[in-house]
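Enquirer: A structural model of the following input is requested.
(one chain, ligands or ions: 1)
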Amino acid sequence: MFKKILIANRGEIALRVIYACRELGIKTVAVYSEADENSLHVRFADEDVCIGPAKSADSYLSVPAVLSAAEITGADAIHPGYGFLAESAYLAEVCEACHIKFIGPAPNVIRLLGDKARARRAMKKAGVPILPGSDGPVDSEEKAQKIAKDLGFPVIIKAVAGGGGRGMRVIRAAGELAKSLKTATREAEAAFGVGDVYIEKFVENPRHIEFQILGDHHGAVVHLGERECSIQRRHQKLLEEGPSVAVTEKMRRRMGGVVVDAARAVQYTNAGTFEFLMDDKGNFFFLEVNTRIQVEHPVTEFITGVDIVKEQIRIAAGERLSVRQGDITFDGHSIECRINAEDPETFAPSPGVIHAFSVPGGPGVRVDTFAHSECTVPPYYDSLVAKIIVHGRDRQEAIARMRRTLEMTVIEGIKTSIPLHLRILADPEFVAGRLNTGFMERLIAEKNTANGDSLAEAV
Ligand code: MV4
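Expert: Here you go, the predicted structure:
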C-alpha cells in the first residue's frame with residue numbers, strides 16, 4: 001500500500017480524499033494556491049506545499065508544479081480529485097515516467113475516452129447502445145448535410161474534445177447546419193484547442209442517467225448501479241439521486257452488464273462513470289465516460305455502502321476490489337444537493353466570507369464540505385461550498401429528510417442555492433419522479449412568470 005498520497009485538488013474533494021487516506025493509514029500532502037492558504041485541506045494534511053498564485057492555470061492546473069510538489073515530499077501516488085487535472089492523460093503519463101502512481105485509469109484509456117468520437121466507436125464495438133450519428137469527425141459541410149439528411153432533423157453537433165456541453169449545437173433544419181457547423185467548430189477550437197466535431201441524432205428532453213463502475217488490475221469489474229442527474233442548469237448538475245425511478249431492477253442488471261463488459265473491453269481500471277441519455281420510451285444511449293471520481297459519488301456510497309475513494313486507492317496500489325458484483329446491493333434511496341455560493345435567482349456567483357455555518361445531522365445525513373464559520377469562499381474556483389447528501393429507506397423519506405436538513409441549514413454572509421433546492425423538492429413533478437433535462441428550464445420559466453404576474457406571490 002502507498003505510504004504517502006499527494007492530493008492535487010482543493011475544497012471538499014481534497015478533504016474527502018484525506019478522510020479515506022486517514023482511515024487507510026496513509027500520509028497526505030496537500031497542495032494549495034495562495035488563495036487557499038487557510039483552508040481545511042491544508043490544515044488536515046500531514047504536509048503541504050504552496051504551488052502558485054490563485055489563478056488555477058498557474059497552480060492547480062500546472063503539471064510541473066504538482067509533480068515537483070510530489071517529488072519534493074516523496075509522495076508515491078497522486079489523487080487528482082475531479083476537475084483541474086483529473087482527466088489529464090498528460091499528467092497520468094508524466095506520473096508513469098516519474099514512477100508516481102496516478103490514481104485513475106491508464107493514460108491511453110483516458111485519451112481514448114476523452115476523444116468523444118473515438119469513445120463512441122469503441123463503445124459501439126463493445127456492444128453499448130449509441131445514438132445514430134457520424135462515424136467519426138465531420139470535416140465538411142457537404143458530409144454534414146448528407147449525414148443530417150440520413151439521420152433526419154433534429155441533429156446535434158458536438159465537439160470531439162468536448163463534454164459538459166461546450167461546442168454543442170442543436171440543428172432543427174438543413175438551413176441552419178452550415179452556420180452551426182462553423183460556430184461549433186470555432187467554439188471547440190477556442191475551448192479545447194481541437195476544432196473537430198461529430199454529429200448525432202438529437203433526443204428531446206431526455207433523462208440523464210449514469211452508471212458507476214470500478215475496475216481493478218486483476219480483470220475484475222463491477223458496477224455500483226445508477227444515478228439520475230437530470231436536474232441541471234447549463235450543464236451544471238444541481239441535484240442527483242439514486243436509484244433512478246425510471247430504472248427497473250431488470251434494466252439495472254442489463255445496463256450494468258453492458259457497462260461492465262464495455263469497461264473490460266477497453267481495459268478500464270479505477271473508478272469511472274458511463275453517462276447515458278434515456279428517452280421517454282426507456283431506451284439508453286451512450287454519451288461519454290468520465291474517467292474520474294465524480295462530485296455525486298456519495299449518492300452511490302450511500303446506497304451501496306462501498307467507499308469509492310478507498311477503492312480507487314486500493315486499485316491504484318494493485319490490490320483487488322474489496323467487493324464482488326454478487327455482494328453489491330442497492331439499499332434505499334439517496335439524494336445529493338449541491339450547495340453553491342450563488343444567487344438563487346440570478347445564479348450570479350456569491351463568493352465571500354461565511355460568518356455562520358451550521359448543518360444539522362441526524363439519521364441518514366452526510367455533509368461533504370470545506371466550509372466552516374469565518375471561512376472564505378474565494379472567487380477564483382467553482383462555487384460549490386457544500387454537498388448535502390441524505391439517505392432514506394425510500395425516495396419519499398429521502399425527500400423529507402433533505403427538506404428538513406436544508407430548512408435547518410444556516411449559511412450566513414454569502415448567498416446560496418438552498419432556496420432553489422427547496423423549490424425543486426417542493427415541485428409536484430419532482431416529487432412524482434417525472435424528471436428530464438428540461439426540468440430546470442421549466443421551473444425557472446414558471447418562477448419568472450409568477451414574478452411578472454405578482455411580485456408578492458413569488459416565494
Ligand atoms: C445530447 C442531448 C440530446 N441528444 N445528445 C449535454 C452534455 C453532454 N455531455 C451531452 N449533452 C446532451 N447530449 C443527443 N444526441 C442532450 C444533451 C443535454 C444534456 C445531457 C445530459 C444532461 C443535461 C443535458 C442538458 C441539455 C442537453
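
Enquirer: Which of the helices and strands in this protein ranks last by mean pLDDT?
Expert: helix 439-453 (a mean of 86; mean pLDDT, DSSP states H and E).

Enquirer: from memory residue 69 sits against residue 6, does it?
Expert: Yes: with contact defined as Cβ atoms under 8 Å, residue 69 counts as touching residue 6 (6.2 Å). Yep, even glycine has a C-beta here, placed from its N, CA and C like the rest.

Enquirer: Common neighbours of the two, please.
Expert: 29, 31, 75 (Cβ atoms under 8 Å, 6 or more residues apart in numbering).

Enquirer: Which member of the residues you listed is positioned nearest residue 387?
Expert: Minimum distance to residue 387 across those is 21.6 Å, recorded for residue 31 (Cβ to Cβ).

Enquirer: any idea which element the closest one lies in?
Expert: Assigned by DSSP states H and E, residue 31 falls within strand 27-33.

Enquirer: Show me what that strand is in contact with.
Expert: Here strand 27-33 has contacts from 3-8, 10, 14, 17-18, 21-22, 39, 41-42, 44-56, 59-60, 65-66, 69-70, 73, 75, 380, using Cβ under 8 Å, 6+ apart.

Enquirer: Which members of these are classed as buried?
Expert: Buried subset of the contacts of strand 27-33 (neighbour count, 16 or more other Cβ atoms under 10 Å): 4-8, 10, 14, 17-18, 21, 39, 41-42, 44-45, 47-52, 56, 59-60, 65-66, 69-70, 73, 75, 380.

Enquirer: Throw the shared contacts of residue 69 and residue 6 into JSON lines and include pLDDT, thanks.
Expert: Formatted as JSON lines, these follow (pLDDT from 0 to 100):
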{"residue": "29", "pLDDT": "99"}
{"residue": "31", "pLDDT": "98"}
{"residue": "75", "pLDDT": "98"}
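
Enquirer: List the residues that contact the nearest residue to residue 155 once chain neighbours are set aside.
Expert: When the adjacent residues along the chain are set aside, residue 155 lies closest to residue 148, with 4.8 Å between them (Cβ to Cβ, 6 or more residues apart in numbering). By Cβ under 8 Å, 6+ apart, the contact list for residue 148 reads 155, 171, 174, 177, 199.

Enquirer: I'd guessed the last one sits against residue 151; true?
Expert: Translated: residue 199. Yes: look at residue 199 against residue 151 with Cβ under 8 Å: they come within range, at 7.2 Å.

Enquirer: Which positions in the protein make contact with the ligand?
Expert: 131, 156, 163, 165, 200-203, 206, 208, 232, 235, 277, 287-288, 437 (Cβ under 6 Å from any ligand atom).

Enquirer: Separate out the buried members of these.
Expert: Buried among these (16+ other Cβ under 10 Å): 131, 156, 163, 200-203, 206, 208, 232, 277, 287-288, 437.

Enquirer: State the paired neighbours of the strand holding residue 31 in the sheet, together with their directions.
Expert: If you go by DSSP bridges, strand 27-33 pairs up with strand 4-7 (parallel), strand 47-52 (parallel).

Enquirer: Include mean pLDDT when you put these into a markdown table, please.
Expert: Shown next, in a markdown table, are the strands paired with strand 27-33 (pLDDT from 0 to 100):
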| stretch | mean pLDDT |
| --- | --- |
| strand 4-7 | 98 |
| strand 47-52 | 98 |
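
Enquirer: So which of these is nearest residue 443?
Expert: Residue 443 lies closest, by Cβ to Cβ, to one member of those: strand 4-7, at 35.9 Å.

Enquirer: Give me the contact list for the closest one.
Expert: Here strand 4-7 has contacts from 14, 17-18, 21, 26-31, 41, 45-46, 66, 69-70, 73-79, 81, 103, 313, using Cβ under 8 Å, 6+ apart.

Enquirer: Take that strand, keep the C-alpha atoms, and write them as CSV.
Expert: Extracted in CSV, the C-alpha atoms of strand 4-7 (Å, rounded to 0.1, in the frame of the first residue of the first chain):
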residue,chain,number,x,y,z
LYS,A,4,2.0,9.0,1.1
ILE,A,5,-0.5,10.4,-1.3
LEU,A,6,-0.4,13.9,-2.8
ILE,A,7,-3.9,15.4,-3.4
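
Enquirer: Quick check: longest strand in the chain by residues?
Expert: strand 221-233 (DSSP state E).

Enquirer: circling back: could the contacts of residue 148 go into TSV alongside neighbour count?
Expert: Shown next, in TSV, are those (neighbours: other Cβ atoms under 10 Å):
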residue	neighbour count
155	27
171	22
174	13
177	22
199	28
